[in-house]
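Q: I need the structure of the sequence given here:
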Amino acid sequence: MRFRFELRTDKMGADGAAPIYLRITHRRRLWRIATDVRVPPEAWNDRKQEVRRSHPLARAINARLKDLLIEAQRLALEHPNDPEAVRAALKGARGDVLEFAHKHAETLRRQGAYWEFRKYFTLAQKLETCFGRTLEWRDLDAAALERFERFLAAELGNGPATIAKELQRLHRLVRLAIRRGELEAGQDPFLRYERPKATRPFRRRLTLEEVRRLEALELPEDAPLALYRDVFLFAIYAGGMRFGDVCTLRREVNLGPDGWLRYDMMKTGTRVELPLPPPALEIVRRWERERSPFVFPLLEPGDDANPLRLRRRIASKNAIANRAIKEACRLAGIARPEEVSMHVARHTFADLSRRASGDVFAVSRALGHRDLATTQRYLSELDRDAVARLIETVWGDGDAA
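A: Below is the predicted model of the structure:
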């Protein structure tokens, strides 16, 4: 484990002074610790690793740096292969944004909130790529937020909507740190920073004619493309199902002899019940040949026993499905196939249903939106009938514009 001081001129303040950091290197990895010392660049002698005598506080500052280095070396003897422990001990009560973000992500993982875990884990990785392995709360100011915003756009190529979401997530972390006493309320860097506004996302959906063209596309029954085309169509017919919910559907559990589909949404836990139209039932019958416990052979038996493994498998299959759907749309002659993904099934159902029925309440019920929970309690039978009429209107023999 090696130690060396460095002057961070990239963090120079308006007063012309730059902070001194202690670098820890171990097995080609780097950690930094702020020393709380700031000096003008001309006052720092990097070769001698000390402040020049011309500085009025040179003696006091150099004594402080020497004491810090001796303490670091002592801790290295106690933790010879654990630079994180050395860094944590040296930092004392000082807080680190990356540590806080990773701990929050790990808490979400233990709670089974896999999708939220992935979001905060990814945020922590982006912060580390932008700022390095050390980012203390006191260094996360308005200028740092602006730098992070530019990094997301210029270096990672993130669009306005993604940038807005990442910054919103970071602000949630800041508020959480304030609640836990890591920061004072007045230290919130977002108080002096104007977050970019998210642009309204483009929601691609297919027309009814395009859905019919996908239906009519001839593909070999055993081709993977046929499976993912059918999964996409089923998601549309089944009320705009999310891909993860389609993956975990079981014949014996979720499909009733009355032709109704019943399942709890993975994302929200909302109960959804709706009748499957004939095209959806035909797709279900088509894949009975696979003899899988799942409606579609996307998962292996046992994949759903562990929530973390299940979500990893779904994420992997979702990437494959998105590529396959684009190819199927291209073969079917659908315009702009590169814009189509599994989630477009949800947009398509919502759009076609609204146009065909005008029954926004039934559309919301079929989509499983949770903001109608109060209404659901005393209109459960009416909800069921409204959804049944909606499915018949959209996918029945009549015309749906």
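Q: Which elements pack onto the host helix or strand of F5?
A: When secondary structure is defined using DSSP states H and E, the element that contains F5 is strand 2-7. Packing partners of strand 2-7 (3 or more CB pairs under 8 Å, 6 or more residues apart in numbering; DSSP states H and E): strand 18-26, strand 29-39, helix 58-78. C-beta coordinates here come from the backbone N, C-alpha and C atoms, glycine included.
Q: List the buried residues in the second one.
A: The neighbour-count criterion (16 or more other CB atoms under 10 Å) identifies W31, R32, I33, A34, T35, V37, R38, V39 as the buried residues of strand 29-39.
Q: Output stretch 73-89 as PDB, restricted to C-alpha atoms.
A: Listed next in PDB are the C-alpha coordinates belonging to stretch 73-89 (Å, rounded to 0.1, in the frame of the first residue of the first chain):
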ATOM      1  CA  GLN A  73       1.100   4.200   7.500                       C
ATOM      2  CA  ARG A  74       0.100   2.900  11.000                       C
ATOM      3  CA  LEU A  75      -3.300   1.900   9.800                       C
ATOM      4  CA  ALA A  76      -1.700   0.200   6.800                       C
ATOM      5  CA  LEU A  77       0.200  -2.100   9.200                       C
ATOM      6  CA  GLU A  78      -3.100  -3.000  10.900                       C
ATOM      7  CA  HIS A  79      -4.900  -3.500   7.600                       C
ATOM      8  CA  PRO A  80      -2.100  -4.500   5.100                       C
ATOM      9  CA  ASN A  81      -4.500  -5.600   2.400                       C
ATOM     10  CA  ASP A  82      -7.600  -3.500   3.100                       C
ATOM     11  CA  PRO A  83      -7.200   0.100   1.800                       C
ATOM     12  CA  GLU A  84     -10.900   0.600   2.300                       C
ATOM     13  CA  ALA A  85     -10.500   0.100   6.000                       C
ATOM     14  CA  VAL A  86      -7.600   2.500   6.100                       C
ATOM     15  CA  ARG A  87      -9.500   5.100   4.100                       C
ATOM     16  CA  ALA A  88     -12.600   4.700   6.400                       C
ATOM     17  CA  ALA A  89     -10.500   5.100   9.500                       C
END
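Q: Run the chain-centre distance for that stretch.
A: Here stretch 73-89 is found 33 Å from its chain centre; the criterion is CA atoms, centre = their mean, to the nearest Å.
Q: Use 489 as the first number for this chain going forward.
A: Yes, from this point I'll number from 489; that puts the last item at stretch 561-577.
Q: can you list contacts of it?
A: M489, F491, I512, H514, R517, W519, I521, A560, L578 (CB atoms under 8 Å, 6 or more residues apart in numbering).
Q: Which parts of the stretch 539-688 of the chain are helices?
A: Read by DSSP state H, counting those that start in this stretch, the stretch 539-688 of the chain holds these helices, from start to end of the chain: 546-566, 571-579, 585-598, 602-619, 630-642, 648-667.
Q: Now do the last one against helix 602-619, angle only.
A: Here helix 648-667 runs at 90 degrees with respect to helix 602-619, directions being taken by axes from the mean of the first three to the mean of the last three CA atoms, to 10 degrees.
Q: Counting by contacts, list what helix 648-667 packs against.
A: Applying 3+ CB pairs under 8 Å, 6+ apart, we find helix 648-667 packed against helix 585-598, helix 602-619, helix 630-642.
Q: May I see the buried residues of the last one?
A: Residues of helix 630-642 classed as buried: A632, L633, F636, E637, F639, L640 (neighbour count, 16+ other CB under 10 Å).
Q: just to revisit the earlier point, just put the buried residues of strand 517-527 in TSV and tack on distance to E770.
A: Shown next, in TSV, are the buried residues of strand 517-527 (distance: CB to CB, whole Å):
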residue	distance to E770
W519	60
R520	62
I521	64
A522	65
T523	70
V525	73
R526	72
V527	76
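Q: Number of residues surrounding E706?
A: Using other CB atoms under 10 Å, E706 is surrounded by 7 other residues.
Q: try the one 5 residues further on
A: As a burial measure, the neighbour count of A711 was computed by other CB under 10 Å and equals 11.
Q: how much space between it and L819?
A: As judged by CB to CB, to the nearest Å, A711 and L819 stand 11 Å apart.
Q: With I724 instead?
A: With the distance defined as CB to CB, I724 ends up 18 Å from L819.
Q: Looking at the two, which is more packed in?
A: I724 (25 against 16).
Q: I'd guess that one is in a strand, am I close?
A: No: with DSSP: H, G, I helix; E, B strand; the rest coil as the criterion, I724 is helix rather than part of a strand.
Q: Identify the residue nearest it in space, chain neighbours excluded?
A: A833 (4.6 Å; CB to CB, 6 or more residues apart in numbering).
Q: Verify the stated contact: that neighbour with G727.
A: No: A833 lies out of contact with G727 (CB atoms under 8 Å); the separation is 9.7 Å.
Q: Where is the longest helix in the chain?
A: Longest helix in the chain by number of residues, with DSSP state H as the criterion: helix 795-819.
Q: Could you check the angle that one makes with helix 602-619?
A: 80 degrees.
Q: Show residues contacting helix 795-819.
A: Counting by CB under 8 Å, 6+ apart, the neighbours of helix 795-819 from elsewhere in the structure are 597, 600, 602-603, 606, 698, 702, 705, 707, 712-713, 715-717, 719-720, 731-732, 735-736, 786-787, 791-792, 825-826, 828-830, 832.
Q: Could you point out the helix or strand that follows it?
A: Beyond helix 795-819 toward the C-terminal end (DSSP H and E), the next one is helix 832-845.
Q: Now do the contacts for the nearest residue to R552 once chain neighbours are set aside.
A: Sequence neighbours aside, V525 is the residue nearest to R552 in space, at 6.7 Å (criterion: CB to CB, 6+ apart). Contacts for V525 (CB under 8 Å, 6+ apart) come out as P507, I508, I549, R552, L553.
Q: With that, I have no additional questions.
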